[in-house]
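Undergrad: Pasting a predicted model and its sequence here:
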Amino acid sequence: MKSDAIKKGFERAPARALLYGTGVTEEQFNSPFIGICSSFTDLIPGHIGMRALERAIEKGVHTGGGYSFIFSVPGVCDGISMGHNGMHFSLPSRDAIADVIECVVEAHQLDGMVFLTNCDKITPGMLMAAARINVPSIFVTAGPMHTGNWRMQKRSFINDTVEAVGRYQKGDIDLEELHNCEREACPGEGACQGMFTANTMACMTEVLGMSLPGCATALAGQARKRRIAFNSGVTVCELVRKNITPRSILNEKAFNNAIIADLALGGSTNTTLHLPAIAYDAGIELDLNSFDKLSRSTPHITSLNPGGEYYMEDLDNAGGIPAVMKRLESLLQDNDTVCGLTVKEICEKAVVYDENIIRSMDKAYHKEGGIAVLRGNIAPDGCVVKQSAVNEDMLVFSGKAKVFDAEEEAMEAILGGVIQNGDVVVIRYEGPKGGPGMREMLTPTATIMGMGLNKVALITDGRFSGGSRGPCIGHISPEAMEGGIIALVEDGDIIDINIPERKIALNVPDNILAERRAVWKQPEPKIKRGYLAKYVRGVSSAAQGAIFKY
């Protein structure tokens with residue numbers, strides 16, 4: 001066992017002494033040492049119930065013949081950190097989490113890992129670490145939140161808080177209604193209720209083969225989730241005995257399957273950052289072209305919030321991710337998973353319980369997948385849009401640019417009535433380097449929707465929440481901080497968007513752009529000290545997953 005390096009031989013007496021100090025018994029030195037990496041925190045609803053899941057996993061590990069050790073990593077809640085300085089730290093926390101896990105696992109020579117996770121950057125950070133350290137591993141995602149209820153209507157985080165701000169500003173609801181919405185939108189533990197980034201990544205983890213079937217959609221707080229946690233603890237011991245490691249599962253077939261499922265579900269555009277980052281640590285090359293190529297041949301078979309009518313609880317009741325995989329079986333490649341079944345065997349056992357929540361491919365909601373990759377002079381390296389969440393009348397759009405060099409400037413203009421139907425809001429210097437940290441723009445996009453500005457597009461070198469809907473185009477690459485064309489846009493310029501043809505263009509002659517280029521100067525970094533200053537020096541383009549390459 002890998003842990004023999006810290007527990008076998010006379011020369012390891014000091015290490016054994018310290019392990020005895022933690023309560024390890026002499027008999028347990030013959031058991032595999034299993035780490036339980038938990039992101040429990042009181043700060044995030046998706047993580048507050050993890051103490052119970054930690055206990056369930058511990059029981060499973062000891063039932064399976066292992067000895068468990070819990071350690072923790074930090075978590076950032078995108079919803080709480082949104083719209084202010086805190087959002088600079090969200091995406092960078094993904095890489096910090098991967099690094100911390102690598103440090104702990106390698107320092108203590110653990111034989112296997114159970115990763116207990118739930119939210120936007122924590123799940124991909126843990127997957128990156130699992131691929132990097134490559135010891136037998138399994139994932140438990142803590143589950144989606146139930147929808148809230150107010151006046152006999154289902155309530156959810158995005159629609160009834162972020163978009164409600166715009167409705168209040170417009171005068172459609174009063175302050176009492178806003179307060180009632182915010183009190184009822186998040187009724188308890190779990191990840192936000194729609195196919196936002198947290199739940200998208202939980203689904204991707206299951207399709208990749210790194211969690212047990214049904215784990216992604218089993219709701220937080222349910223006994224069923226605790227059983228999954230227990231069984232995951234048992235299973236990791238079997239993975240250790242058979243030496244089944246993440247890289248034996250996280251191959252090209254697994255990532256291909258994950259992208260297909262993502263497109264079919266209408267998942268978050270943040271997967272175009274996270275899946276390439278995980279693939280990089282797994283030694284697999286993955287770029288934006290894979291998403292766009294597969295999107296043209298993958299139908300969108302669910303209608304999930306924010307762009308659709310159903311929630312994660314509905315998807316779970318309809319059969320969950322195994323049922324989605326069953327619908328997509330002809331597109332998926334067979335591959336191993338942590339549960340001992342192959343992808344095709346999971347498909348065979350799955351049952352679809354609702355023909356509308358999870359449609360067959362010939363009755364899909366859209367013929368193409370949820371994400372489209374656009375290119376043009378303003379984004380020669382590409383940009384992304386969740387096309388499944390765009391109204392049909394906005395798939396092709398031209399409008400006048402209103403340009404802002406930070407999210408806060410744009411929000412002031414939106415709330416101040418400066419933005420009108422027919423505009424293209426341009427928010428720049430929010431990319432991986434310019435932000436720094438590539439802040440997500442849910443607050444402006446949701447406020448625009450809440451204010452009823454349904455003929456407004458928004459483009460940015462930043463990113464969007466999985467909860468964004470409408471013609472919101474992010475990850476413009478190269479970003480403004482690197483001198484991308486988006487840095488040269490001026491108020492009143494015409495921007496043409498054609499999502500079906502995958503085109504986006506700044507309608508300004510080349511000679512005018514050359515004149516603007518001659519006087520453009522790279523601005524000073526917004527943050528010059530601490531973690532983000534180091535992050536800027538190492539992070540890659542959004543088109544490459546905003547990752548650190550080594």
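TA: Yep, that arrived.
Undergrad: so who does the residue most central in space within the chain touch?
TA: The chain has T197 as the residue nearest its centroid, 3.6 Å off, counting by Cα atoms, centre = their mean. Each residue near T197 by Cβ atoms under 8 Å, 6 or more residues apart in numbering is listed here: 78, 119-120, 268, 270-271, 465-466. Heads up, the C-betas are built off the backbone N, CA and C, glycines and all.
Undergrad: Which members of those are classed as buried?
TA: 78, 119-120, 268, 270-271, 465-466 (16 or more other Cβ atoms under 10 Å).
Undergrad: Which residue is the nearest non-sequential neighbour of V338?
TA: I138 (4.8 Å; Cβ to Cβ, 6 or more residues apart in numbering).
Undergrad: give me every residue that touches the nearest residue to E163 once chain neighbours are set aside.
TA: Among residues not flanking E163 along the chain, G450 sits closest, at 4.0 Å (Cβ to Cβ, 6+ apart). Shown in contact with G450 (Cβ under 8 Å, 6+ apart): 162-170.
Undergrad: Please flag which of these sit within helices.
TA: Under the assignment DSSP state H, the contacts of G450 contribute 163-170 to helices.
Undergrad: Those, buried ones only, as a ChimeraX selection?
TA: Applying 16+ other Cβ under 10 Å to these, the buried members can be selected in ChimeraX as follows:
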select :163,164,165,166,167,168,169
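Undergrad: Give me the three-state assignment for the residue nearest to V338.
TA: Here I138 is recorded as strand under DSSP: H, G, I helix; E, B strand; the rest coil.
Undergrad: That one: what's it in contact with?
TA: 113-115, 210-212, 232, 235-236, 239, 338.
Undergrad: Swap in 10 Å and give it another go.
TA: Going by Cβ atoms under 10 Å, 6 or more residues apart in numbering, I138 touches 34, 57, 60, 112-115, 130, 205, 210-212, 215, 231-239, 244, 246, 337-339.
Undergrad: Do you have the strands of the stretch 401-550 of the chain handy? List them.
TA: Counting by DSSP state E, counting those that start in this stretch, one finds strands in the stretch 401-550 of the chain at the ranges 423-427, 457-460, 472-477, 494-498, 503-506.
Undergrad: most packed of those strands?
TA: Of the strands of the stretch 401-550 of the chain, the one with the most neighbours on average (mean count of other Cβ atoms under 10 Å) is strand 472-477, at a mean of 29.
Undergrad: Can you give the distance from that one to the centre of its chain?
TA: 16 Å (Cα atoms, centre = their mean, to the nearest Å).
Undergrad: can you check stretch 110-126 too?
TA: 13 Å.
Undergrad: circling back to that earlier point, pick the one among the ones in helices among the contacts of G450 closest to I486.
TA: G166 (24.9 Å; Cβ to Cβ).
Undergrad: closest one to P322 among the strands of the stretch 401-550 of the chain?
TA: Per Cβ to Cβ, nearest to P322 of the strands of the stretch 401-550 of the chain: strand 472-477, 30.7 Å.
Undergrad: Partner strands of the closest one, with direction?
TA: Strand 472-477 has the following strand partners under DSSP bridges: strand 379-386 (antiparallel), strand 457-460 (parallel).
Undergrad: now the angle from the longest one to strand 494-498?
TA: Between the direction of strand 379-386 and that of strand 494-498, the angle (axes from the mean of the first three to the mean of the last three Cα atoms, to 10 degrees) works out to 60 degrees.
Undergrad: Just the buried positions in strand 379-386, please.
TA: 379, 381-386.
Undergrad: per-residue confidence at the residue nearest to V338?
TA: Here the pLDDT value assigned to I138 is 98.
Undergrad: picking that back up, separation between the residue nearest to the centre of the chain and R517?
TA: 35 Å (Cβ to Cβ, to the nearest Å).
Undergrad: related to what we said a few turns ago, look up how far E408 lies from the residue nearest to E163.
TA: From G450 over to E408 the distance is 18 Å, taken as Cβ to Cβ.
Undergrad: cool, and E102?
TA: To E408, E102 is 35 Å away according to Cβ to Cβ.
Undergrad: One more: R463?
TA: 16 Å.
Undergrad: Which of the two has more residues huddled nearby?
TA: Between R463 and E408, counted using other Cβ atoms under 10 Å, R463 has the larger neighbour count: 30 against 15.
Undergrad: Now do the same contact list for that one.
TA: With Cβ under 10 Å, 6+ apart, R463 has these contacts: 90-91, 197, 268-270, 272-273, 384, 430-432, 435, 437-442, 472, 474-475, 542, 546.
Undergrad: try it again with 8 Å
TA: Contacts of R463 by Cβ under 8 Å, 6+ apart are 91, 269-270, 273, 438-441, 474-475, 542.
Undergrad: Bridged to it, which residues?
TA: Taking DSSP bridges as the rule, R463 bridges to E440.
Undergrad: what sits against the nearest residue to G434 once chain neighbours are set aside?
TA: Counting by Cβ to Cβ, 6+ apart, M481 is the residue found nearest to G434 once chain neighbours are left out, at 3.2 Å. Listed by Cβ under 8 Å, 6+ apart, the contact set of M481 reads 429, 431, 433-434, 461, 487, 522-523.
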